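In: need coordinates for the below:
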Amino acid sequence: MKNYLSSCLRVSRFSGMNMSFYSVLMLLLGSSVLVSSCAESETGRAGNVTTGEIMEFASDQLKLLINETDAAIEQNPTGRRGPHVNSRSIRDDSLYLVASRDWTSGFMPGLLWYMYDFAGEDYWLEEARRHTAPIEREKTNATTHDMGFKIYCSFGNGYRLSEESHYRDVIIEASNTLITRYNPTVGAIRSWDHNTDKWDYPVIIDNMMNLEMLFRATELTGDSVYYDIAVQHARTTIAEHFRDDNSSYHVIGFNPETGEVMQRHTHQGYAHESAWARGQAWGFYGFVMSYRFTGLPEFLEQAEKIADFMLNHPRLPEDLVPYWDFDAPNIPDEPRDASAAAITVSALYELSTMVPEKSMYYKQMADKMLASLYHNFRSPDGGNFGFLLDHSTGHLPGDHEIDTPLIYADYYFIESALRKQRLENR
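Out: From the prediction side, this is the model:
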């Protein structure tokens, strides 16, 4: 039994899903788990797209993206935020490059690690390492909450797949940096340092995603400080971010001295009281992930509430890919957000392992959404500089990255495909 658990623990560390409290418990109980058999088989098939089809498409596209990125960096090596390291999107019909400081810098290397995870080929390993290396300087950048996006998507996946001790050290140092932004009076990690005219201490729903690195840091070190901060941050988010209908605000502005809520805003959505689609997806994924690490029922309950809000929303299109904001005024003549769908799909696959009585429903919804992304929202073969998905919306109120490819949409699209395969191969 001990050897079986050890083996399954290794296999189950797929697509960012680390085996912890919940999964070990389910193994012992013999219930439906992320990986209940360590045997691998052919790529899983459900709905009308397979993981194999997605990965074959992704392989060709991402090789193109690597070449286009290298060529663009050679022509434009440095931007206002530092040396360019990876691609983020398309702006003005050109590849948009970012420095390591950008919150999206870790997604491209994370994608390459996922390709190595699937294919096991040296090409992907070498490219993943090459694109991960320049992100390391961010491990001590205490001016941002986006350490999970930057460090865990890159070095976290790298450590999961290579077990290189240096990658482990980077994760721990980045976690130590991140927790310096925690205020125990507020009970949450500060998000932005900008727009101080709007908020004294902003906490955004996206910040739920950065908790995964902290939970993992406790697993790696045995020090509960990271876990405790992550749990409290999630509890504060439940208490302050969510409305009665289980939609969430984007930004909560706190008084850092008293912990009092001063503002409830939706900075990247249509209006403060609207439901910005990607914000709902960030929260959903974050609480599913938090339940995986903690087994705390309050996090699973919150995840299901968010899922119910999104999946049963009257303005969710039949193809299950949401408009950029559920309350945008000109639906159906509003931009879609494929990135919100990709994040949601990945979380739905994981949620399907946690609620046995609704497992089939969540899995079927994930399959349908993933198939919709593949058939209706993917880039043309050889197009969009190698990005995988089109028709995402980054920041419509800010008037940039509207109806365009986004690297984080691609990251969660491929994570979803890998999670689908593991579930169907269990």
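In: contacts and neighbour counts: CA atoms only from here.
Out: Noted.
In: so what's Thr69 up against?
Out: 86-87, 95, 97 (C-alpha atoms under 8 Å, 6 or more residues apart in numbering).
In: mind doing that once more with 10 Å?
Out: 63, 75, 84-88, 95-97, 385-386 (C-alpha atoms under 10 Å, 6 or more residues apart in numbering).
In: same deal with Pro329?
Out: Counting by C-alpha under 10 Å, 6+ apart, Pro329 touches Tyr270.
In: what strand or helix carries it?
Out: Assessed by DSSP states H and E, Pro329 sits outside every helix and strand.
In: buried subset of the contacts of Thr69, written for ChimeraX?
Out: Here is the ChimeraX command that selects only those of the contacts of Thr69 that count as buried (16 or more other C-alpha atoms under 10 Å):
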select :63,84,85,86,87,88,95,96,97,385,386
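In: now Phe254, nearest residue through space, not along the chain?
Out: Val261 (4.5 Å; C-alpha to C-alpha, 6 or more residues apart in numbering).
In: what's downstream of the lengthiest strand in the chain, the next helix or strand?
Out: Scanning the chain for the strand with the most residues, using DSSP state E, yields strand 82-91. Of the helices and strands lying after strand 82-91 in sequence (DSSP H and E), the nearest is strand 94-99.
In: next SSE downstream of that next one?
Out: Next along from strand 94-99, by DSSP H and E: helix 107-119.
In: buried ones in that following helix, by neighbour count?
Out: 107-118.
In: for this structure, which segments count as strands?
Out: For the chain, the strands defined by DSSP E occupy 45-46, 49-50, 78-79, 82-91, 94-99, 182-183, 188-189, 201-204, 251-254, 261-265, 392-395, 400-404.
In: distance to Phe242 and mean pLDDT added to these, as a markdown table?
Out: Converted to a markdown table, the strands of the chain look like this (distance: least, C-alpha to C-alpha, whole Å; pLDDT from 0 to 100):
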| stretch | distance to Phe242 | mean pLDDT |
| --- | --- | --- |
| strand 45-46 | 34 | 38 |
| strand 49-50 | 34 | 97 |
| strand 78-79 | 37 | 94 |
| strand 82-91 | 30 | 98 |
| strand 94-99 | 32 | 98 |
| strand 182-183 | 20 | 98 |
| strand 188-189 | 15 | 98 |
| strand 201-204 | 12 | 97 |
| strand 251-254 | 10 | 98 |
| strand 261-265 | 10 | 97 |
| strand 392-395 | 21 | 98 |
| strand 400-404 | 26 | 97 |
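In: re earlier: which elements pack onto the longest strand of the chain?
Out: helix 51-75, strand 94-99, helix 107-119, helix 122-132, strand 400-404, helix 407-425 (3 or more C-alpha pairs under 10 Å, 6 or more residues apart in numbering; DSSP states H and E).
In: packing partners for the second one?
Out: The reference is to strand 94-99. Using 3+ C-alpha pairs under 10 Å, 6+ apart as the test, strand 94-99 ends up in contact with helix 51-75, strand 78-79, strand 82-91.
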